[in-house]
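>>> Coordinates for the following, if possible.
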Amino acid sequence: MRPFAAAFLLLGFWVAPCAHAEIYELPPDGNDVVGAVAVVTARQEDTLVDIARRHGVGYEDIVRANPGVSVWLPGEGTQIVLPTRYVLPAVPRRGMVLNLAEYRMYYFPAPKPGEPPVVMTYPISIGRMDWETPVGVTHIDSKVRNPSWTPPQSVRDEHAADGRPLPRVVPPGPGNPLGAFAMRLALPGYLIHGTNKPAGVGMRVSHGCIRMFPEDIEYVFAHIAVDTPVRIINEPVKMGWEDDRLVLEAHPVLAVMPPGEPAADTEDSARSEIEQAKLADEHVVRSPLTSVTEQFVAATGSRAGQLDWSLVETIVDRSDGIPAEVGWGIKNAATSAASE
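Predicted coordinates for the structure are as follows:
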């Protein structure tokens, strides 16, 4: 068995100069991993939520990476792991990719002349269990600054039942849950928007839309164009190459929305049978180990490799979002094996 180790940094990583995104040059062809796990020291006044927001990490990310650490009082001097190493999703690297299972957005802007291509990544909130965010391929349909919120009747009924009645239209301002910026998707009724409750970013709390930190949505809103493609996926495990090593990143499996369920932060929307069938096809959830096998086959289609399945099972069982090396390339081999 070969030794494996995760990459850690004590002094941080390259952070975007504006907003809290991490921005990385895309790795060369044949490589799929960016970033490095970092460790920071908590201050007396810090919560894990504070630390997460400062470093472009969401709630679930930081909680899973720091088991046993109090969310609200980690304690001065406590070493906090920042899970800021990522296996890029195995989809085309263009436009925006939202991976629901890891509560994370990847944005691949078109490179400017003379500059290397980059990827930006942000934590996101997604639809809660009864208002799940659908998967599929869509695009940015329009952008709205200081949006009003028109809650659907189902949301108004829910709030009324809780003794928190909503008006038919919530105007822009601090009480508007859409925040100051919103981008409407071509999926009817769904937005990518800010929030007036940033502590919930990185959780499953919305009525189906994608929420971002206010500073993150402000930056993305200013730089992304209408018609930018958006791919929404639900991949709890991701595998890719880093030089001659196979790296696996695992997150807990996320339940998916039954097709045909209405869900939106903005308006009720009835989907056609064709649209429902298309979303249903996209909602197939494989077991993590089945997904690992499929991704291993894809990763080794033109490049032989071998997995240590005991390490794979350990990483999948842990599902803490921290990538680890689980395999290696085989030189001068015509075929690759899936076990030692």
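
>>> how about the strands in the stretch 201-340 of the chain?
All strands of the stretch 201-340 of the chain, identified by DSSP state E, counting those that start in this stretch, fall at 204-206, 210-211, 229-233, 237-242, 245-250, 305-307, 324-329.

>>> Return the most buried member of the ones you listed.
strand 210-211 (a mean of 28; mean count of other Cβ atoms under 10 Å). To be clear about C-beta, it is placed using only N, CA and C from the backbone, and glycine gets the same treatment.

>>> For that strand, name the packing helices and strands.
strand 191-193 (3 or more Cβ pairs under 8 Å, 6 or more residues apart in numbering; DSSP states H and E).

>>> what's the span of stretch 57-77, first residue to last?
20 Å (Cα to Cα, to the nearest Å).

>>> Also stretch 41-50?
12 Å.

>>> again, but for stretch 63-76
End to end - Cα to Cα - stretch 63-76 spans 17 Å.

>>> And stretch 171-188, by the same measure?
21 Å.

>>> Quick check: buried residues in it?
N176, P177, L178, G179, A180, F181, A182, M183, R184, L185, L187, P188 (16 or more other Cβ atoms under 10 Å).

>>> In TSV: the strands of the stretch 201-340 of the chain, plus mean pLDDT and distance to I62.
Listed next are these as TSV, based on pLDDT from 0 to 100; distance: least, Cβ to Cβ, whole Å:
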stretch	mean pLDDT	distance to I62
strand 204-206	77	15
strand 210-211	92	17
strand 229-233	95	22
strand 237-242	96	19
strand 245-250	97	15
strand 305-307	95	29
strand 324-329	96	18
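
>>> so which of these comes closest to G30?
strand 237-242 (5.8 Å; Cβ to Cβ).

>>> quick one: which of the buried residues of stretch 171-188 is nearest to P28?
Nearest member of these to P28, counting by Cβ to Cβ, is M183, at 31.1 Å.

>>> for that closest one, what are its contacts?
I140, S142, K143, V144, L191, I192, H193, I217, V220, F221, I224 (Cβ atoms under 8 Å, 6 or more residues apart in numbering).

>>> In the sheet, which residues pair with the fourth one? Tell me.
Think V144. A182 (DSSP bridges).

>>> The fifth one now?
Using DSSP bridges, the bridge partners assigned to L191 are R184.

>>> which other helices and strands contact the biggest helix by length in the chain?
What stands out as the longest helix in the chain, according to DSSP state H, is helix 288-299. Packing partners of helix 288-299 (3+ Cβ pairs under 8 Å, 6+ apart): strand 237-242, strand 245-250, strand 305-307, helix 309-318.

>>> rerun at 6 Å
strand 237-242 (3 or more Cβ pairs under 6 Å, 6 or more residues apart in numbering; DSSP states H and E).

>>> Each with direction, which strands does the strand it packs on pair with?
Strand 237-242 is paired, per DSSP bridges, with strand 245-250 (antiparallel).

>>> how distant is the strand it pairs with from the center of its chain?
17 Å (Cα atoms, centre = their mean, to the nearest Å).

>>> orientation of it relative to helix 288-299 in degrees?
Orientation of strand 245-250 against helix 288-299 (axes from the mean of the first three to the mean of the last three Cα atoms, to 10 degrees) gives an angle of 150 degrees.

>>> now strand 245-250 and helix 309-318, what's the angle there?
Using the same axes, to 10 degrees: strand 245-250 against helix 309-318 is 30 degrees.

>>> 260 is where my numbering starts, stick with that
New numbering, starting at 260: the last item is strand 504-509.

>>> For strand 504-509, give me every contacting residue.
Residues outside strand 504-509 that contact it (Cβ atoms under 6 Å, 6 or more residues apart in numbering): 292, 346, 496-499, 564, 574-575, 578, 582, 584-587.

>>> Tell me the secondary structure at V322.
helix (DSSP: H, G, I helix; E, B strand; the rest coil).

>>> and it, how many residues sit next to it?
V322: 19 surrounding residues under other Cβ atoms under 10 Å.

>>> I282 contacts M379, correct?
Yes - under the criterion of Cβ atoms under 6 Å, I282 makes contact with M379 at 4.9 Å.

>>> what's near enough to touch N493?
N493 touches L359, A360, V394, L513, counting by Cβ under 6 Å, 6+ apart.
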